[in-house]
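Engineer: When you get a sec, could you give me coordinates for this:
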Amino acid sequence: MPPFIAFMCHAPTTEYQYLEETLQEYEIGQYLIGHETSPYQHYHFLVEMTTDDYHLFAERVFRKKYKLRGRATKDNPRQYGKIKHIDTLENLKSYTIKDGNYRSNMPEQDVKKIFEKSYQKQEKKKIYEEIAEHMEANFEFNFTYSNKYAQTTEMHYEENQHQYRKNIQNIKLYIINYLRINTDINMCRSNINSYTQFFLKKTMKLQDDQKNLIIYQLLF
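Structural biologist: Predicted coordinates:
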C-alpha cells in the first residue's frame, strides 16, 4: 500500500457521508477521518493513498464541488491543503481523531487505542495544536524586503533582522489575542515564546532556512 498522507478541508458535518464514500472510490488502504467544529467546521484526513490520487480527489471534491481555496489570501484563510511531511505518524493518527467525531476502516479496537492516546486527553498539547492550526489558516507573514536571506551586504542583513523581529512581534500579538478570547490561561513571556516557537516549527508557510532565521531571532 502507499504511505499515509494527511490533508484537511473546510466543510460542514452534513458532508461526512459524501466525503467518506467518495474517498473509498480511490485505491486507498487504511484511513482516519476526523471532523471538528472549532475554530471552524473542518475535516482532517489521514489516508494510505498515492499523491496522484490525492490530487484527483482534491480536484474533484475540494476545487470543483466545494470551490475551496487552496491558498490563503489577505482576508481569507486557506480552505484545503495537504501536509508536506508527517513527522510522527502515531501522533498524527491521534491528532486526526482527537475530537472523537471520526470515521475509519481500521479495526475498532485499534482506533480506540489511537483515540485514548489523543491530544484531547493532553490539554497542554491540545492548545499548542489549536493555536498553530488557527494561525496556519489565518496568520500571514509579512516580508517586504527584496533579499529575504540577506547574505550579501550588512545593509540587507540589518533589514533582514528587522523584518524577522517584526514578524515575531505580530505572531506574539496574534497568540495573545487568541488566548485572551478563547482561554483562561495565564499568559507570561515563557508560554507566549513556547507557543510562538511551536507554530514556527510546524508552519508550512516558511521555507526551512526562513524558519531557522526567525527562530534564531526569537531565541537570541
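Engineer: Quick one: find the helix or strand in this structure with the lowest mean pLDDT.
Structural biologist: Sorting the helices and strands of the chain by mean pLDDT, DSSP states H and E puts helix 154-182 at the bottom, at a mean of 83.
Engineer: Closest to the mean position in the chain, which residue would that be?
Structural biologist: Nearest residue to the geometric centre of the chain (C-alpha atoms, centre = their mean): E133, 4.4 Å.
Engineer: pLDDT at that one, what is it?
Structural biologist: On the pLDDT scale, E133 is placed at 92.
Engineer: need the helices for the chain, in chain order.
Structural biologist: 16-23, 51-57, 89-96, 108-116, 123-138, 154-182, 189-202, 208-219 (DSSP state H).
Engineer: Correct me if wrong: Y195 contacts E130.
Structural biologist: No: assessed by C-beta atoms under 8 Å, Y195 is found out of contact with E130, at 9.9 Å. Placement of C-beta: from N, CA and C, glycine included.
Engineer: okay, those two: which has more neighbours?
Structural biologist: Legend: neighbour count by other C-beta atoms under 10 Å for Y195 and E130, higher for Y195 (25 against 18).
Engineer: got the contact list for that one?
Structural biologist: 127-128, 131, 175, 179 (C-beta atoms under 8 Å, 6 or more residues apart in numbering).
Engineer: Same list, the residues you listed, but as TSV with distance to K98 please.
Structural biologist: Listed next are these as TSV, based on distance: C-beta to C-beta, whole Å:
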residue	distance to K98
I127	12
Y128	12
I131	15
I175	20
L179	19
